[in-house]
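A.B. asks: Build me a model from this:
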Amino acid sequence: MTNFELDNERATWLSEKVNRSKSQIQFLFQLVDGDFEKLKALEVQIKNCFVMYCPGSVEEVDKIMSLTPKSNWFKL
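C.D. replies: Presented below is the predicted three-dimensional model:
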């Protein structure tokens, strides 16, 4: 994938994240060490597992990534 294609994919992905503020997305991006693929996977996992808030630590990111869709660990 070229840099242009990757930048375009990032822009498209970011425009679809209407429920996340820019600061939340930047914070999550830092939590995953700038790994865009992991950030996308994390958002899919958050959606699939009905996580109701923005994770606040690397440990919470790891926990979310290990959840199954039937889990209610993060439900309020």
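A.B. asks: thinking residue 69 is in contact with residue 48, fair?
C.D. replies: Yes - between residue 69 and residue 48 there is a contact under C-beta atoms under 8 Å: 4.7 Å. Any C-beta I mention is one placed from the backbone N, CA and C, and that applies to glycine too.
A.B. asks: The two: which is more packed in?
C.D. replies: Legend: neighbour count by other C-beta atoms under 10 Å for residue 69 and residue 48, higher for residue 48 (14 against 9).
A.B. asks: quick one: that one and residue 55, what's the gap?
C.D. replies: 14 Å (C-beta to C-beta, to the nearest Å).
A.B. asks: Equivalent analysis for residue 23, please.
C.D. replies: Going from residue 23 to residue 55 by C-beta to C-beta gives 14 Å.
A.B. asks: Name the residue in the two with the higher neighbour count.
C.D. replies: Using other C-beta under 10 Å, the more surrounded residue of residue 23 and residue 55 is residue 55, with 21 against 9.
A.B. asks: Report the contact partners of that one.
C.D. replies: By C-beta atoms under 8 Å, 6 or more residues apart in numbering, the contact list for residue 55 reads 28, 31, 42, 46, 61, 63, 64.
A.B. asks: Of those residues, which belong to helices?
C.D. replies: With helices taken from DSSP state H, the overlap with the contacts of residue 55 comprises 28, 31, 42, 46, 61, 63, 64.
A.B. asks: Give me the residue at the spatial middle of this protein.
C.D. replies: Note on the chain: the residue nearest the mean C-alpha position is residue 43, at 3.2 Å, using C-alpha atoms, centre = their mean.
A.B. asks: number of nearby residues for residue 52?
C.D. replies: For residue 52, the neighbour count with other C-beta under 10 Å is 9.
A.B. asks: which sections of this protein are below the confidence cut-off?
C.D. replies: 1, 13-19, 71-76 (pLDDT under 70).
A.B. asks: all helices for it, in order.
C.D. replies: Using DSSP H, the helices found in the chain span residues 3-16, 22-31, 36-48, 58-66.
A.B. asks: Now do the third one against helix 58-66, angle only.
C.D. replies: I take that to be helix 36-48. If you take axes from the mean of the first three to the mean of the last three C-alpha atoms, to 10 degrees, helix 36-48 sits at 70 degrees to helix 58-66.
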